[in-house]
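Chemist: Here is the input, now give the coordinates:
(4 chains)
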Protein chains: 2
Amino acid sequence: MSEPRKLEVLRAIVEDYVHSREPVGSKALVERHHLGVSSATIRNDMAALEDEGLITAPHTSAGRIPTDKGYRLFVDQISAVKPLSQAERRAIQTLLEGSEDLDDVLERTVRLLSQLTNQVAVVQYPHLSRAMVRHIEFVLLAPRQVLAVLIADTGKVEQRVIDVGQELSDEALAGLRSRFLKSLAGTPLSLLPQALPAVVASCEPSRRHAAQALARGLDALANSTREERMVMAGTANLARSNVDFPLSIGPVLEALEEQVVMLRLLSEMAQDPRGVTVSIGRENPYDGLAEASVVATGYGPGSSAKVGVLGPTRMDYPTTMAAVRAVARYLSRILGP
Amino acid sequence: MSEPRKLEVLRAIVEDYVHSREPVGSKALVERHHLGVSSATIRNDMAALEDEGLITAPHTSAGRIPTDKGYRLFVDQISAVKPLSQAERRAIQTLLEGSEDLDDVLERTVRLLSQLTNQVAVVQYPHLSRAMVRHIEFVLLAPRQVLAVLIADTGKVEQRVIDVGQELSDEALAGLRSRFLKSLAGTPLSLLPQALPAVVASCEPSRRHAAQALARGLDALANSTREERMVMAGTANLARSNVDFPLSIGPVLEALEEQVVMLRLLSEMAQDPRGVTVSIGRENPYDGLAEASVVATGYGPGSSAKVGVLGPTRMDYPTTMAAVRAVARYLSRILGP
DNA sequence: GGTTAGCACTTAGACATGACGAGTGCTAAC
DNA sequence: GTTAGCACTCGTCATGTCTAAGTGCTAACC
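Modeler: All right, here's what the predicted structure looks like:
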C-alpha cells in the first residue's frame, strides 16, 4: 500500500465531497480520477485512512467524508495554491481602488470577499499602533462634558464623550487642547500611554483633574474601540449552504453577531506570517462553530489586523485561501504608506 | 351569524396559531376559548372568514391559519395593546441610560429590542436636521488632501477625505478653517446648503477653489452617510424560527444585508404619527420578505428616523408593537434635547 | 508484499399499504 | 341562528418490501 497514493485518495475524496456534498465511494473515485488501480485497492486505502481518523463513514454502507483532521492534512500538505483568475484580480483592483474613506475600503473589501468566496467575510479594523497623532480636538458639550476627538494621520477619527469632573470654560478647554496638541502631535498612538502623564503634569494644578480625565479618555481612544470592531458581509451565503449546517445556522449567526467571539477567534489564530491560517471545525474554540471553518490572514502594518472568511468545513479551501490572500495583499497596499 | 363573534373567532385563531404554530381547528378553538357556542357554529363562522379571505386551510382536513389579510385585520381592529411588564420597562430604562455615545445608544437599543421581541431589530441613524454645527476641523493629510471633520452638538462626528484640487499650506488651511468655523458655528445642519456659498464667497480668491471643494464636502457630510445607515441585531433569532420561513431564511438575510432595501422599506411605511406601523407579508415591497412582517415606528425629532423589528408573519403583534413603541419612546427621550 | 475479483452483508432511501385521527361540509332538526 | 350527527377528505405515522450503493473479507493472482 503506497503512502503517496493514500494521500492522493484523500485529496480526491476531499475534492469530490466539496464538489458534490455527498459521501464518496470507492467506485465513483476510480471513475472520476484515473488512479490506475481498481476500486478494491481504493477500499483498502480508505480503510487505512479511516483507521488514521482522516475520513469517516456516516453509516455502514455509505461513502466516506473527510473528518476535521482530514481537512487539516489536506490543507497543510496536499492542497495546491490555486491562483485567482485574471478577471478576479482585476475585479479586486478596480473595486478597491475607487474608495476613499477607511470605512469605505473595509466595506468594499468584505463585500468583495464574500462574493468571491460565496461565504461570510469579515475584516477587522486595522490596529492603530503605527499611526501617529495628527490632531486632537476637545469640544465642550456641557460644563462638565467634553467630546474628545482624536485624529490619526491614517485618516482615522476616534471620538468619545468624557466627563471631566469639574466645570470648564471654553477658554480653559482651549488651553488644555493646545497644550495636549503641542505635546502630542506626531506621537505614535502606541506611545500615548507613556507620553500622557507628562502632559498632565505640565498643566496648571487647578485643571489637573480635568486634564487627568482627558488623558484617560485619549488613552482609551487610542487603544480601544475601533480596532475591536469588525465589518461583515455575506451572511445570506450561510443560508444558501444550510445543508452544510445540519444543526441549523443559528449558532453560527450568534457567533458572528457576538463580535467579541469572532475577534478573539481571529486574533488567536496562529500567526503564520507567510500565508493564510485555517481553523477547521472543532479546532475552533467556540462551540457554535464546530461545523465551520475560518480562513484568515493578517494585513496592514505588521499584519496585525485580520481579514478572513467563514464557511462550512466542507469548503473549497484552495480557492478560498487564494482569495483571502489576494484581498489581504491589495488591502495592505491600499492602506499602506 | 353574529359579526362580533366572527371577529372574536379570528382573534382566537390568530392567537392560537401564533402560540402553537399549528393550524387551529374548530374543536380546539371552543375548548381553549370559552366562546359559549358549539364547534359546528364555529365551523360556519370559519367558512365565512375563509370566504372573506381572512383565513385559509393548508389542506382539506387541517385547521385554519390566518392570511396576510387576516393578520392585517387583527392588527388594525382586534388586537389590544399589551403593556410591557414592569420588569421590561425597568430593563429598558437601565440599559439605555448607561450609554454615552450615539453609536452606543443605538447599539444597545437594537440588542435590547431584539431580546425583548426575539426577532431581528433594526434602528436607523437619526436624521441630523435639527442638529447644529458645533465644530469644524480640517486636517491636511497630503498637499491636496484634506480630512474634514464635522462635529454636531448632538455629539455626532462625521468625517470625509476631500481632494481640494490645489495645494494648500497648513497655514492656509487653518485660515479657511477659522473662516468656516466662525460663519457656521451654531448653524443647523439643515441650513448648511444655504449658508455655505456665502462662506466660500468670503474667502480670498486664490483659495476660492479649495473652499468650494471643502464646502461641497461639508454639504455631503451633513446630508448623507450616517442617516442612511442602520444598526441591526438578532439575526440569529431568524434561524431559531426557521420553521416559519419554509423557503429558508436566505432571502430575508439578503434583504437585511442590503441595507438600502431595509431603509427604503422603513421610510416608505405609512407615517402613523400616533403609533407603530405594521407591514405584513406580501404587503412588503420586497419579494424576499413575503413571509415576513415589519413593525416599526419613528423616533427622535419629527419621528423622522425609524426603529423597528422584523420577524415572521406569524408573530406576536401586540407584544412586538408594545415593545417597539416603548423602546422608541425611551430612545426619543434620551436623544431629545 | 501489494493488488485484484468476487461475494455476502449492511443500510439508507424510495415506495406502497393501511390504520388512525383531526377536521371539514352538509343536512336535518331544534 | 344554532346544534348534532355523519360521511368524507387528507395528512401522518407505522409497517413492510425492494433496490442501489457501498463496504469488508477472503481467496486468488502477480
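
Chemist: which residues are in contact with stretch A:93-100?
Modeler: Stretch A:93-100 has contacts (Cβ atoms under 8 Å, 6 or more residues apart in numbering or on different chains) with A:Val105, A:Arg108, A:Thr109, A:Leu112, A:Tyr330, A:Leu331, A:Ile334, B:Arg160, B:Val161. Every C-beta, even on glycine, is put in place using the N, C-alpha and C of the backbone.

Chemist: And it, what's buried?
Modeler: The neighbour-count check on stretch A:93-100 (16 or more other Cβ atoms under 10 Å in any protein chain shown) flags A:Leu96 as buried.

Chemist: What would it look like as PDB? C-alpha coordinates only.
Modeler: The C-alpha coordinates for stretch A:93-100 follow below in PDB (Å, rounded to 0.1, in the frame of the first residue of the first chain):
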ATOM      1  CA  GLN A  93      -8.100  46.000  -8.000                       C
ATOM      2  CA  THR A  94     -10.800  48.200  -9.600                       C
ATOM      3  CA  LEU A  95     -13.300  47.800  -6.800                       C
ATOM      4  CA  LEU A  96     -10.900  48.600  -4.100                       C
ATOM      5  CA  GLU A  97      -9.100  51.500  -5.800                       C
ATOM      6  CA  GLY A  98     -12.300  53.600  -6.100                       C
ATOM      7  CA  SER A  99     -12.600  54.000  -2.400                       C
ATOM      8  CA  GLU A 100     -11.600  57.000  -0.200                       C
END
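
Chemist: follow-up on the earlier one: also within reach of DNA strand C: list those from the contacts of stretch A:93-100.
Modeler: With Cβ under 7 Å from any atom of the strand as the criterion, these include none near DNA strand C.

Chemist: Filter the residues you listed down to just the ones in helices.
Modeler: In this view, those that belong to helices under DSSP state H are A:Val105, A:Arg108, A:Thr109, A:Leu112, A:Tyr330, A:Leu331, A:Ile334.

Chemist: Any of the residues you listed buried? List them.
Modeler: Buried by 16+ other Cβ under 10 Å: A:Val105, A:Arg108, A:Thr109, A:Leu112, A:Tyr330, A:Leu331, A:Ile334, out of the ones in helices among the contacts of stretch A:93-100.

Chemist: Next, format those residues as JSON lines and append pLDDT.
Modeler: Converted to JSON lines, these look like this (pLDDT from 0 to 100):
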{"residue": "A:Val105", "pLDDT": "85"}
{"residue": "A:Arg108", "pLDDT": "90"}
{"residue": "A:Thr109", "pLDDT": "91"}
{"residue": "A:Leu112", "pLDDT": "93"}
{"residue": "A:Tyr330", "pLDDT": "88"}
{"residue": "A:Leu331", "pLDDT": "88"}
{"residue": "A:Ile334", "pLDDT": "82"}
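
Chemist: Which pair of those residues spans the longest distance?
Modeler: Greatest spacing in these, by Cβ to Cβ: A:Leu112 and A:Ile334 (12.2 Å).

Chemist: Pull out the buried positions in stretch A:259-271.
Modeler: A:Gln259, A:Val261, A:Met262, A:Leu263, A:Leu265, A:Leu266, A:Met269.

Chemist: Assess the claim that the fifth one and A:Gly288 are in contact.
Modeler: No - distance between A:Leu265 and A:Gly288: 10.8 Å, which falls outside the contact criterion (Cβ atoms under 8 Å).

Chemist: who in chain A is up against chain B?
Modeler: Chain A comes close to chain B at residues A:100-101, A:134-135, A:137, A:139, A:141, A:147, A:149, A:151, A:153, A:155, A:157, A:159-161, A:233-236, A:238-240, A:242, A:248-251, A:253-254, A:256-257, as judged by Cβ under 8 Å from any Cβ of the partner chain.

Chemist: change it to 7 Å
Modeler: With the criterion set to Cβ under 7 Å from any Cβ of the partner chain, chain A comes near chain B through A:100-101, A:134-135, A:137, A:139, A:141, A:147, A:149, A:151, A:155, A:157, A:159-161, A:233, A:235-236, A:239-240, A:242, A:248-250, A:253-254, A:257.
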